[in-house]
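Participant: One predicted model, sequence on top.
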Amino acid sequence: MTLRDSEAGAERRPVRIAVFASGGGSNLQAILDHLRGPAGEAARLAVVVSDKPEAGALERARRAGVATRVIPVRDRPVDAVAAETLDTLAEAGTDMVALAGYLRLVPAEVVRAFRGRIVNIHPALLPAFGGKGMYGARVHRAVLDAGCRVSGATVHLVDEHYDRGPILFQWPVPVRADDTAETLAARVLRVEHAIYPPTIEAVARAVAGGEAVRPFRVPDATTFTLAAGDAPDAWQVRRALGLE
Ligand code: GRF
């Protein structure tokens, strides 16, 4: 039975999500925490995949009792990486994939197999300040060097190119006159943690319903008063995502 076949009224099994991460995994942690709440009925983590055995994200997954898998990428033919990735995703019964600080290009074969069901979060307002090599502090330094007064976080569908697939959801973050790459990164990261888990939940609910995922609307009156430690209002985010 596919997810789509489930009849109205029949028990729908939670959508199984694979998270790919290369780093510390604070976004993964936010996803884990979110799925411990009511969203856990709709979705759960099937496996956490990393290209790096030392990734902090793997430790966070283990602590949460989620299966982990290291799939090395460096110096390997892309076909081998694609095949191992597809096997891993199939074994875990994966319905959708969320990249959370994954620094590798997802093989085209994997994108094809999960088209419309792979999401990523980027710490700027795409399509600006994205692409190959634009990750971590480099993104925030580029935003500051360009003199931007506004940055933000973007959730988008993943295609065959870095940071280029259709944008699903964005949230603006003010740039302060005295910002460094570090202070801006911290402000953006808080917003990432606030918007990524509920956006994944909304995408999972669309996947469960067999619907195509469409862009979500950021509320017009988005507040521009976020201090470094602030996160957007959870209710406002959930309303924008159609979860309220
Ligand atoms: C985040 O800023 C995310 O936007 C980017 O990589 C970073 C990952 O951080 N894609 P973490 O590993 O989730 O803490």
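Facilitator: Yes, it's here.
Participant: Tell me which residues touch the residue of the chain at minimum distance from the ligand, please.
Facilitator: Relative to the ligand, the nearest point of the chain is Gly101 (2.7 Å; C-beta to the nearest ligand atom). In this view, the C-beta of every residue, glycine as well, is placed from N, C-alpha and C. Gly101 makes contact with Ala21, Ser22, Gly23, Gly24, Gly25, Ser26, Asn27, Leu28, Ala57, according to C-beta atoms under 8 Å, 6 or more residues apart in numbering.
Participant: Next, count neighbours for the fifth one.
Facilitator: Spelled out, that is Gly25. 23 (other C-beta atoms under 10 Å).
Participant: ok, now the third one?
Facilitator: The number of residues packed around Gly23, counting by other C-beta under 10 Å, is 19.
Participant: Tell me who's in contact with it.
Facilitator: For Gly23, the contacting residues are Lys52, Ala55, Gly56, Ala57, Gly101, Leu103, by C-beta under 8 Å, 6+ apart.
Participant: The last one contacts Phe20, doesn't it?
Facilitator: The reference is to Leu103. No: applying C-beta atoms under 8 Å, one finds Leu103 not in contact with Phe20, separated by 9.5 Å.
Participant: Within range of the ligand, give me the residues from this structure.
Facilitator: 21, 23-27, 100-101, 121-123, 135, 189, 192 (C-beta under 6 Å from any ligand atom).
Participant: who has more neighbours, Leu103 and Phe20?
Facilitator: More neighbours surround Phe20 than the other of Leu103 and Phe20, with 28 against 18 (other C-beta under 10 Å).
Participant: now the closest residue to the more buried one other than its chain neighbours, what's its secondary structure?
Facilitator: In space, and not counting its chain neighbours, Phe20 is closest to Tyr102: 3.9 Å by C-beta to C-beta, 6 or more residues apart in numbering. Under DSSP: H, G, I helix; E, B strand; the rest coil, Tyr102 falls in the coil class.
Participant: what about Tyr102, distance to Val119?
Facilitator: Distance, Tyr102 to Val119, using C-beta to C-beta, to the nearest Å: 11 Å.
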